[in-house]
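> model this:
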Amino acid sequence: MTDYRSLDDVTVEYFTQHPEEIDDFLNETFADYALDGDSAALLSALRIIARVKGISTMAEEVGMTRQGLQKALSARGNPRLDNINAIMRAMGYQLMPHRLENTAA
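So this is what the prediction gives:
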């Protein structure tokens, strides 16, 4: 029987080997989320990058348990904004507003 790897496993391996592409991946993921509001896809992308950075290390930086971080970033996760902010900071990013070009202020 052949052992198949999951798409997440392949993606984690790719970003581990090509960390310079994480910025573009996250930018595209957040842009997609802004359009479609698919929080499961957003959390999946954050989970992938957390795995690249190391779940245990990130959990410690965020002040969560490993299981708590995994649960927050699961498809059914519903993390608080302060948790997402802490997770993003542990990844080396920050949440910032970006004005939409086609809306009036």
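
> the residue nearest the centre of the chain: what secondary structure?
When the chain is reduced to its mean C-alpha position, the closest residue under C-alpha atoms, centre = their mean turns out to be residue 46, at 1.1 Å. For residue 46, the assignment made with DSSP: H, G, I helix; E, B strand; the rest coil gives helix.

> now the closest residue to it other than its chain neighbours: how far from residue 99?
Distances taken as C-beta to C-beta, 6 or more residues apart in numbering place residue 73 nearest to residue 46, at 5.3 Å, with adjacent residues excluded. To be clear about C-beta, it is placed using only N, CA and C from the backbone, and glycine gets the same treatment. Applying C-beta to C-beta, to the nearest Å, the value for residue 73 to residue 99 is 28 Å.

> neighbour count winner among those two?
Ranked by neighbour count (other C-beta atoms under 10 Å), residue 73 and residue 99 place residue 73 first, with 24 against 6.

> contacts only, for that one.
Shown in contact with residue 73 (C-beta atoms under 8 Å, 6 or more residues apart in numbering): 43-44, 46-47, 50, 79, 87.

> out of the residues you listed, who's the most crowded?
Using other C-beta under 10 Å as the neighbour definition, the contacts of residue 73 reach their maximum at residue 87, which records 26 neighbours.

> can you name every helix or strand that whatever helix or strand residue 35 lives in contacts?
Assigned by DSSP states H and E, residue 35 falls within helix 22-36. Helices and strands in packing contact with helix 22-36 are listed as helix 39-53; criterion 3 or more C-beta pairs under 8 Å, 6 or more residues apart in numbering; DSSP states H and E.
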